[in-house]
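**Student:** okay, predicted coordinates and the sequence, questions at the end:
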Amino acid sequence: MADIQELLSSISDEDMAKLKSVAESIMGGETKKEAEVKNPISDLPIDMNTVTKIMSVIGKMNKDDYRTRLINDLKPMLSDERRKKADEAVKFLQLMQILPLLKGMF
């Protein structure tokens, strides 16, 4: 009995907190680490302005303009090799559209 009392008195507050978290995980309680894993987005330093910019970039990425529509309309008449080049040209034009938006973000 004296050994148990000595053992309990020698446990620090930090050790007690670790024991508590182990006991909660065994008993099915939620520990602090599990709570952080469940919602990792809440700790990100992203404000609404950044989210708005990201959404506008995503919207512009798949938006067709007259140049990309022309290339896509011509693709059925092209050979396989030239279709691949047409796809690359469309991707390049889409990238050129979003570059000014990305410049302001970083």
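**Tutor:** Sure, I can see it. Numbers count the residues shown, from 1 in each chain.

**Student:** low-scoring pLDDT stretches of the protein, where are they?
**Tutor:** Low-confidence regions of the chain, defined here as pLDDT under 70, cover residues 1-9, 19, 22-23, 25-46, 104-106.

**Student:** helix/strand/coil for K63?
**Tutor:** Following DSSP: H, G, I helix; E, B strand; the rest coil, K63 is assigned to coil.

**Student:** list the contacts for it?
**Tutor:** With contact taken as C-beta atoms under 8 Å, 6 or more residues apart in numbering, K63 is in contact with Q94, Q97. Heads up, the C-betas are built off the backbone N, CA and C, glycines and all.

**Student:** so what does it look like in phi/psi?
**Tutor:** Here the main-chain torsion angles of K63 (degrees, to the nearest 10) amount to phi -80, psi 130.

**Student:** quick check: it vs K84, distance?
**Tutor:** Distance of K63 to K84, given as C-beta to C-beta, to the nearest Å: 22 Å.

**Student:** fine, thanks again, bye for now.
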